[in-house]
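Asks: Predicted model follows, preceded by the sequence.
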Amino acid sequence: EEKLNLDDSQWEDIHVVTGALKMFFRELPEPLFPYCFFEQFVEAIKIQDNATRIKSIRSLVKKLPRPNYDTMKILFEHLKKIAAKESVNLMSTQSLGIVFGPTLLRPEKETGNMAVHMLYQNQIVELMLSEYSKIFG
């Protein structure tokens, strides 16, 4: 609802822009990866065979509500571009997984498995970035 002037000097700091993006996703009523999909994505990332793991993640992504899928595709395409410039910005797919995993994908109720969940959240985002074309192509 707020009108933003992106030419304003406050937006020159990439940390402000990234913080605003993360805040937007964190404040959604439900994460970009809906709660009902959390365990399914966690089970998929645990699959040992890489081709089967990618196929399972792709299948889950295709089952998402259309707005979630469309937003996810655009967001991950953008994050992939950021990872491609890792030598300049120091943001690898692993770093992006750490930054965005817990924001985009979280259980509805936090349990004692927070550290384990965080590892899986990071790995899911990392895999989706590194295998973007196979998942969204």
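Replies: Looks like it arrived, so ask away. Numbering: from 1, shown residues only.
Asks: contacts and neighbour counts: CA atoms only from here.
Replies: OK.
Asks: max-length helix in the protein?
Replies: Longest helix in the chain, counting residues (DSSP state H): helix 66-84.
Asks: Next, residue 33: phi, psi?
Replies: Torsion angles at residue 33 (phi, psi; degrees, to the nearest 10) stand at phi -90, psi 100.
Asks: Tell me the pLDDT of it.
Replies: Listed pLDDT for residue 33 reads 98.
Asks: just checking, next helix/strand downstream of the longest helix of the chain?
Replies: Once helix 66-84 ends, the next helix or strand along the chain (criterion: DSSP states H and E) is helix 86-89.
Asks: Not counting that next one itself, show me its contacts.
Replies: Residues from elsewhere that reach helix 86-89, judged by CA atoms under 8 Å, 6 or more residues apart in numbering: 82, 92.
Asks: same thing but at 10 Å, please
Replies: By CA atoms under 10 Å, 6 or more residues apart in numbering, the residues outside helix 86-89 that reach it are 80, 82, 83, 92, 93, 95.
Asks: cool, stretch 40-50 as well?
Replies: 33, 38-39, 52-61, 105, 117, 119-121, 123-125, 127.
Asks: one more time with 6 Å
Replies: Stretch 40-50 is contacted from outside by 53, 56, using CA atoms under 6 Å, 6 or more residues apart in numbering.
Asks: end to end, how far does that stretch reach?
Replies: End-to-end distance for stretch 40-50, by CA to CA, to the nearest Å: 16 Å.
Asks: Thanks again, I'm all set now.
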